[in-house]
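> Turn this into a structure:
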Amino acid sequence: MNFSDTPKFVGLKPLREWMELGGPTDPDRVLEITQAVTLVFFDQHLKGEKSTSLDSLVTEYSELQHIMLP
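Numbering: from 1, shown residues only. A predicted model of the protein is given here:
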């Protein structure tokens, strides 16, 4: 998944592929996922809210992967 918003503004999928922008995930979906992850992160770390966890987003968005850091 590419976290750039450039593919969102290019338009047609064949043109994005020719320009080698983005990945297999639809740009609108990437933007939706990025917004959800960002919102949960800042809610947790700036507001101190624990109602939604980043882990719960892994089940909501199948494109995300749970990675454990050492």
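
> going forward, measure contacts between C-alpha atoms and count neighbours the same way
OK.

> where's residue 32, which helix or strand?
helix 27-45 (DSSP states H and E).

> Tell me, how many residues neighbour the residue lying closest to residue 53 once chain neighbours are set aside?
Closest residue to residue 53 apart from its sequence neighbours, by C-alpha to C-alpha, 6 or more residues apart in numbering: residue 40 at 6.8 Å. Other residues near residue 40 number 20, with proximity taken as other C-alpha atoms under 10 Å.

> hang on, residue 40 packs against residue 48?
No - if you go by C-alpha atoms under 8 Å, residue 40 and residue 48 don't touch, sitting 10.4 Å apart.

> So residue 64, which state does it fall into?
The three-state assignment at residue 64 reads coil, by DSSP: H, G, I helix; E, B strand; the rest coil.

> Report the buried residues of stretch 43-58.
43, 44, 54, 57 (16 or more other C-alpha atoms under 10 Å).

> with the residues you listed in mind, which one is nearest to residue 33?
The shortest approach to residue 33 among the buried residues of stretch 43-58 belongs to residue 57, at 8.6 Å (C-alpha to C-alpha).

> any low-confidence regions in the protein?
Within the chain, the ranges that satisfy pLDDT under 70 run 1-13, 15-23, 66-70.

> hmm, try it at 50
1 (pLDDT under 50).

> Helix or strand for residue 55, just tell me which one.
Under the criterion of DSSP H and E, residue 55 resides in helix 54-60.

> on contacts alone, who are the packing partners of that helix?
Other helices and strands packing on helix 54-60, by 3 or more C-alpha pairs under 8 Å, 6 or more residues apart in numbering; DSSP states H and E, are helix 27-45.

> which ones are touching residue 65?
Residues in contact with residue 65 (C-alpha atoms under 8 Å, 6 or more residues apart in numbering) are residue 58.

> Okay, it and residue 48: tell me how far apart.
From residue 65 across to residue 48, the span is 24 Å (C-alpha to C-alpha, to the nearest Å).

> quick one: residue 63 and residue 57, what's the gap?
10 Å.

> ok, how many other residues are close to residue 24?
Neighbours of residue 24 using other C-alpha under 10 Å come to 11.
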